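Novice: Provide a 3D model corresponding to the input given below.
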Amino acid sequence: MPAITVKTFAGERPKLDPRLLPNESASIAYGCHFDNGNLSPLKRPALTGIAVLQAAKTIYKHLNEHWFAWDKVVNAVASPIADDPWQRVYFTGDGYPKVTNNAIFSGSNMPAFSYRLGIQAPEVAIIGVVTEAATDEVDPNDDETRYYTHTFVTEQGEEGPPGEASNAIEILYPDEDGTFVTLAFSAPNVNASNITHRRIYRTATGGGIADYLFVAEIPISQATFVDNVPGESLGSALDTYDYEIPNEKMIGLTSMANGILAGFFDSTVCFSESYLPYAWPSEYQLTTEHEIVTVAALGNTLAVLTKGYPYMFSGVTPNAMAGQKLESNQSCVSARSAVIVNGSLIYASPDGLIAFTSSGLTMLTNQIITREQWQDLEPSTIEAYHQEGRYLAFYGANLDKGFIFDPSTGDFRHFTATATCGFNSLEDDALYTCQGGNLSKWEASPAVMDYQWRSKDFEANDISFACAMVKGVDVSLSGLRIFADETEVLHLEPGQIPSSAFRLPPSRGDSWAFEVYGKGTIHSVSIATTMREVAA
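Specialist: This is a model prediction of the structure:
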């Protein structure tokens, strides 16, 4: 005789009609976990006792110790420099690009203070004057026309691009007492980057090649300098010509391999110099056809998601990046939906979830959910995180609804929780969420959610099932509903499910289904026509 037996449990596949689902799949799955194939409840998030900004929209854990928070959508990355003594954090989205460090980020709301990322070129050229003692001409063939330039330097030793060349300084040689040139400087018009010093360079010719060579470094407060440095004592050549300050509109900061940072503004992708996060040469910028939504690093590849075609930019050095437009019409509808799960960048498109890898794009959900069903999940509002190999998303105007998508099984499950933002901490392998400024650790509470799991519709051809049995752990914490042709024929509330096989009310139907809800762990549910079948 026919029987219904479900011994493993999985999530929803909304695209399929409930009668066509695999036996283990659900037509409804809320608050469920499927450890080892069993049906169990999700644990609730546990409050950590840590509070940040009440209106936080971004949280970031630095050095597994310091919690940063912003009331805006911000992208933050740690310094790519190994053992950085300043423990710097770079971020975009809070006005112009910024950097903070361990001398200034501590406070009641972190980061307490920050500087503008990058160093501007000096606005005013050096004015140089040759001293009278150095103008006694001996041999006109030894005359030198010299130029000076200078750069600004931060407290951390970061050097910006040079300013304009000075006026021509005519030097007459030789002079037994040396040549003295008095240089006059102007203070920076704006000092938002913690500029503390300037470096002075002057032209010199050697081997037929003319370049600016290092003369001296002086405090930014020093207004004059007397250069009497002989040519053989000059330092290395100036090499920061293109170390430009990043565009003030740049957002989406992310860290690639080889110490390269990337960001974007409008339809322009930007790359920093390797291991020099403050230097953003404009010649490294590349463009896309459509406005960029977000970017993400996949090793040496930068995935660029736009309002049109996605792009892939690859290279081991920032000056050798090559772009490729992917011929796919799957735009990104939410910047914060993009998250890396198991090596793939998964993001929300108008039609469903897309996996972006260095090999290209894959539509993950085209066989699982229809476009109309997907739109019910309000994909433009999705904010997602990775959680134990799964894609966990909050959505809705208040981010008070959620779903979990498992790329390995291809199913969905839903949950009810609220979070204004979250952070995946790799160091302690945890997902943290934030609501009202209070941080919680996902699935860390001993308390659990109430789940609801409804089976597929089992076709039965006017069969009268007479018996049922539920096996598991703490089954008394769960309730059971059984349906024949969509009509409820039995409802056992929590505490009422027998520990052994039990009889059903006399009922017949062409379609049978059951629903389990509550907090117990369910190993199997069986429905049959005889007690022998259900206990087998």
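Novice: hey, where'd the strands end up in the stretch 351-500 of the chain?
Specialist: Assigned strands in the stretch 351-500 of the chain, in chain order: 353-357, 360-363, 383-387, 390-395, 401-406, 411-415, 421-425, 430-435, 438-441, 451-455, 458-463, 467-473, 478-484, 487-492 (criterion: DSSP state E, counting those that start in this stretch).
Novice: Which of these sits closest to Lys98?
Specialist: With Cβ to Cβ, the closest approach to Lys98 among these belongs to strand 421-425: 18.4 Å. From N, CA and C alone the C-beta is placed, and that goes for glycine too.
Novice: hang on, isn't Lys471 packed against His523?
Specialist: Yes: when contacts are counted by Cβ atoms under 8 Å, Lys471 is listed as touching His523 (4.6 Å).
Novice: Glu248: which of the strands of the stretch 351-500 of the chain is closest?
Specialist: strand 421-425 (24.1 Å).
Novice: And the closest one, what does it pack against?
Specialist: Counting contacts by 3 or more Cβ pairs under 8 Å, 6 or more residues apart in numbering; DSSP states H and E, strand 421-425 is packed against strand 58-62, strand 383-387, strand 430-435.
Novice: follow-up on the earlier one: more neighbours: which of Lys471 and His523?
Specialist: More crowded of Lys471 and His523, by other Cβ atoms under 10 Å: His523, with 19 against 15.
Novice: show me what contacts that one?
Specialist: Lys7, Asn38, Lys471, Gly472, Val473 (Cβ atoms under 8 Å, 6 or more residues apart in numbering).
Novice: For Met469, see how far away it is.
Specialist: Using Cβ to Cβ, to the nearest Å, His523 is found at 11 Å from Met469.
Novice: Likewise for Ile292?
Specialist: Taking Cβ to Cβ as the measure, Ile292 falls 56 Å from Met469.
Novice: Look at these two and report which has more neighbours.
Specialist: Ile292 (24 against 21).
Novice: for that one, which residues make a bridge with it?
Specialist: Thr306 (DSSP bridges).
Novice: picking that back up, dump the helices and strands packed on strand 421-425 into CSV; add mean neighbour count as well.
Specialist: As requested, the helices and strands packed on strand 421-425 are arranged in CSV below (neighbours: other Cβ atoms under 10 Å):
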stretch, mean neighbour count
strand 58-62, 22
strand 383-387, 21
strand 430-435, 21
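Novice: is it possible to export those to a markdown table including mean pLDDT?
Specialist: Output for the helices and strands packed on strand 421-425, formatted as a markdown table (pLDDT from 0 to 100):
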| stretch | mean pLDDT |
| --- | --- |
| strand 58-62 | 97 |
| strand 383-387 | 96 |
| strand 430-435 | 96 |
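Novice: Distance to Val153 added to the ones you listed, as a markdown table?
Specialist: Output for the helices and strands packed on strand 421-425, formatted as a markdown table (distance: least, Cβ to Cβ, whole Å):
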| stretch | distance to Val153 |
| --- | --- |
| strand 58-62 | 25 |
| strand 383-387 | 39 |
| strand 430-435 | 37 |
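Novice: Contacts only, for the nearest residue to His491 once chain neighbours are set aside.
Specialist: Excluding its sequence neighbours, the residue lying closest to His491 (Cβ to Cβ, 6 or more residues apart in numbering) is Arg481, at 5.1 Å. By Cβ under 8 Å, 6+ apart, Arg481 lies in contact with Glu488, Leu490, His491, Leu492, Phe514, Glu515, Tyr517.
Novice: circling back to that earlier point, what subset of the contacts of His523 is buried?
Specialist: Asn38, Gly472 (16 or more other Cβ atoms under 10 Å).
Novice: can I assume Gln435 is in contact with Gly422?
Specialist: No: Gln435 lies out of contact with Gly422 (Cβ under 8 Å); the separation is 9.7 Å.
Novice: Could you find the closest non-adjacent residue to Leu63?
Specialist: Gln87 is the one closest to Leu63 (Cβ to Cβ, 6+ apart), at 6.3 Å.
Novice: which SS class is that neighbour?
Specialist: coil (DSSP: H, G, I helix; E, B strand; the rest coil).
Novice: pLDDT wise, what is it at?
Specialist: For Gln87, the pLDDT comes out at 97.
Novice: Equivalent analysis for Asp428, please.
Specialist: 89.
Novice: Flag the shaky bits of the protein, pLDDT-wise.
Specialist: Where the chain drops to pLDDT under 70, the residues are 1, 132-142, 173-179, 205-209, 536.
Novice: Helices of that one, residue ranges please.
Specialist: 371-375, 531-535 (DSSP state H).
Novice: buried ones in the last one?
Specialist: Right, helix 531-535. The neighbour-count check on helix 531-535 (16+ other Cβ under 10 Å) flags Glu533, Val534 as buried.
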